[in-house]
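>>> Quick check, what structure comes out for this input:
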Amino acid sequence: MPTSTEPAPVALLADGVNHSFGATPALRDCSFTLPAGAVTALVGRNGAGKSTLLRAVVGLLRPDNGTVRVLGQPVDADVLPRIGFVAQQAPLYPMLTVAQTLRLGARLNPNWDTARVQRLVDAGALREIAKVGTLAAGERTRLAVAMALGKRPDLLVLDEPLASLDPVARVELLGTLMAEVAERNTTVLMSAHVIADIADVCDHVVLLGDGHVRLADAIESALHGHRTVIGPRNALAALDGHHIIELRQAGREFTALVRTGSAADISGADGMTWHQPTLDELLLGYLRSAAAQPTKELTPS
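As a prediction, the model looks like this:
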């Protein structure tokens, strides 16, 4: 791992990415960077633009304008072999057996890691004679993840990979996945809805809202840079000058999520209290707030 004095190289850069479907904008001036080796959660409500962004990253969609660079290169035929991708519903050829699917992967990918793929297939107890179309949703996900990791990717992109899994399978696959990517220091960008999954495996977050990047940071840095403030409604003036992400009022009290380097000047003022937010409070505050503004880009750490 890079030391604090040796910044990690950038694995993924998005600069001013815009894309619309007809008259409907999906991505609006999206800019962020991901350091190599980061495990990043891509978070947003339904329709926020997550899948569109992931498709642009893996070369399945060309943005209307803006730049996407992976491992320092445009997303083209030269860099695609270094990207592993698992789309929603883990699309695979349903008429092929598991064994045939693996042989196809080996033929199409020059860096194919047969031993790694077999290890993942065995861990999922996948029957190699079974046709893909007969597999349960969770089994197809396991097979798709094995296929993506078989490429030995430097960047692994996962679009809701855990949605089809029961709680036990979710934990098992996350453990397997993280062990595999740690072995090669693979950079991971994973779309996710369940905050517990993010807390368990991710060290960075990119949060989309209405097509905009609302938050992009290392999770630890983002938590340190925000405060949850609670106080009486008549003390709201004490928040003047602070960047309020979300403000909720109930009865005579308010709760605010504030982006600030320090809350020392508002702690205790007029009966107000503050604490560093939990990851749930941070992400839900941004997700609920339509008025949240784009924040800083991820920087290598």
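>>> and Ile244, what helix or strand is that in?
strand 243-250 (DSSP states H and E).
>>> by contact count, what packs against that strand?
Packing partners of strand 243-250 (3 or more Cβ pairs under 8 Å, 6 or more residues apart in numbering; DSSP states H and E): strand 253-259, helix 279-288. Glycine gets a C-beta too; all of them are placed from N, C-alpha and C.
>>> so which of those comes closest to Ala163?
helix 279-288 (17.3 Å; Cβ to Cβ).
>>> For the strand holding Ile244, which outside residues touch it?
Contact partners of strand 243-250, identified using Cβ atoms under 8 Å, 6 or more residues apart in numbering, comprise 226, 233, 254-260, 285-286, 288-289, 292-293.
>>> Of all pairs in these, which one is the farthest apart?
Arg233 and Gln293 (23.6 Å).
>>> one step back: for ChimeraX, write the select line for the buried members of the contacts of strand 243-250.
The buried residues among these can be selected in ChimeraX (16 or more other Cβ atoms under 10 Å) with this line:
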select :226,254,256,257,258,259,260,285,286,289,292
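>>> Could you check what's spatially nearest to Leu12, not counting adjacent residues?
Leu34 (4.2 Å; Cβ to Cβ, 6 or more residues apart in numbering).
>>> ok now do that neighbour, which residues does it touch?
10-13, 40, 187, 189, 204, 206, 298.
>>> Run through the protein and note the low-pLDDT ranges.
1-7, 261-270, 290-301 (pLDDT under 70).
>>> Looking at it, which helix is longest?
Ranked by residue count and defined by DSSP state H, the top helix of the chain is helix 167-184.
>>> Any buried residues in that helix, and which?
169-170, 172-174, 176-178, 180-181.
>>> quick one on the thing from earlier: can you tell me which of the contacts of Leu34 are in helices?
Short answer: the contacts of Leu34 have none in helices (DSSP H).
>>> Now these in TSV, please, with extra columns for neighbour count.
Shown next, in TSV, are the contacts of Leu34 (neighbours: other Cβ atoms under 10 Å):
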residue	neighbour count
Val10	19
Ala11	24
Leu12	25
Leu13	18
Thr40	26
Thr187	27
Leu189	26
His204	25
Val206	26
Leu298	23
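>>> Of all the helices and strands packed on strand 243-250, which one comes closest to Leu126?
helix 279-288 (33.1 Å).
>>> Next, the buried residues of that closest one.
Neighbour-count burial for helix 279-288 [16+ other Cβ under 10 Å]: 279, 281-283, 285-287.
>>> Check these against Gly271 and report the nearest one.
The nearest one, if we look at the buried residues of helix 279-288 relative to Gly271 and count by Cβ to Cβ, is Glu281, at 20.3 Å.
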